[in-house]
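Undergrad: Structure, please.
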Amino acid sequence: MRIRLIPREERFFDMFVEDAANVLKAARALEAMLRTYEDVEQHAKELFAMEHHGDELSHAIGRRLNTTFVTPFDREDIHALISALDDVLDLIEEIADTFILYHIERPTPAAVQQAGIIVKQCELIHEALSKLRGFKGLDRYWIEIHRLENEGDRVTRAAVAGLFADRTDPVDVIKWKDVYALLEHCVDKCEDVANIIEKIVVKHA
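TA: I've put the predicted structure just below:
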């Protein structure tokens with residue numbers, strides 16, 4: 001058994017969970033926006049506020065990192081984790097904005113399905129980070145997040161193929177290709193978070 005002469009800063013774990021909870025809240029808000037597709041601009045404003053709050057949380061973690069002598073795990077992994085969570089949140093907000101900027105009349109079933117996949121991934125990320133303190137028993141979370149990423153890829157490929165089969169307006173095709181690309185990118189970024197969690201856990205196994 002290792003004896004730690006200088007206690008490590010445990011508050012980081014709570015801050016990671018708070019950050020992930022905000023990302024999950026945003027993911028659920030995006031899915032709700034696409035499912036109902038009412039008051040879209042109000043939903044986008046709420047997502048902007050969540051993204052701003054996420055920035056504040058990231059800065060708070062960064063400030064604590066700069067003033068903490070002993071961190072719970074490697075500093076570069078802390079930086080990578082908060083940066084990856086921030087990337088997911090930024091993309092969620094960008095997706096909502098794109099629906100408004102492109103004047104999209106209504107979401108496709110594939111877009112709603114992709115938003116649901118992002119929610120599931122964010123739920124798993126939040127739960128994994130809530131258990132990160134022990135560095136054990138987390139493999140099922142990143143395995144499922146990877147599976148969801150593969151599912152998201154299949155949904156995107158089918159949706160893009162459908163664009164060329166069903167739509168004749170080239171501008172419409174371009175708009176939806178952009179939307180699907182953003183959704184897929186967000187799913188991929190959730191997988192990046194899972195990879196970072198896996199890396200952290202492996203180092204402390």
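
Undergrad: Okay, the residue most central in space within the chain and R35: tell me how far apart.
TA: Nearest to the geometric centre of the chain sits V88, at 3.5 Å (Cα atoms, centre = their mean). As judged by Cβ to Cβ, to the nearest Å, V88 and R35 stand 20 Å apart. All C-beta spots, glycine's among them, are computed from the backbone N, C-alpha and C.

Undergrad: on that earlier part again, the residue nearest to the centre of the chain - nearest residue in space that isn't next to it in sequence?
TA: Nearest non-adjacent residue to V88, counting by Cβ to Cβ, 6 or more residues apart in numbering: K189, 4.8 Å away.

Undergrad: how far away is the one you found from S58?
TA: Taking Cβ to Cβ, one finds K189 at 15 Å from S58.

Undergrad: Those two - which one has more neighbours?
TA: A count of neighbours by other Cβ atoms under 10 Å puts K189 above the other of K189 and S58, at 22 against 19.

Undergrad: Give me the buried positions along the helix or strand containing the more buried one.
TA: Per DSSP states H and E, K189 falls inside helix 170-203. For helix 170-203, the neighbour count (16 or more other Cβ atoms under 10 Å) marks 175-176, 179-180, 182-187, 189-194, 196-201 as buried.

Undergrad: Could you do stretch 125-134 as well?
TA: Buried residues in stretch 125-134, counting neighbours by 16+ other Cβ under 10 Å, are found at 125-129, 132.

Undergrad: Which stretches in this protein count as helices?
TA: In the chain, the segments counted as helices under DSSP state H are 11-36, 40-67, 75-101, 109-130, 139-166, 170-203.

Undergrad: Switch those over to TSV; also include mean pLDDT.
TA: Below are the helices of the chain laid out as TSV (pLDDT from 0 to 100):
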stretch	mean pLDDT
helix 11-36	96
helix 40-67	94
helix 75-101	96
helix 109-130	98
helix 139-166	94
helix 170-203	95
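
Undergrad: For A165, state which of the buried residues of stretch 125-134 is nearest.
TA: I125 (34.4 Å; Cβ to Cβ).

Undergrad: Surely that closest one is in contact with A21?
TA: No - judged on Cβ atoms under 8 Å, I125 makes no contact with A21 at a distance of 9.9 Å.
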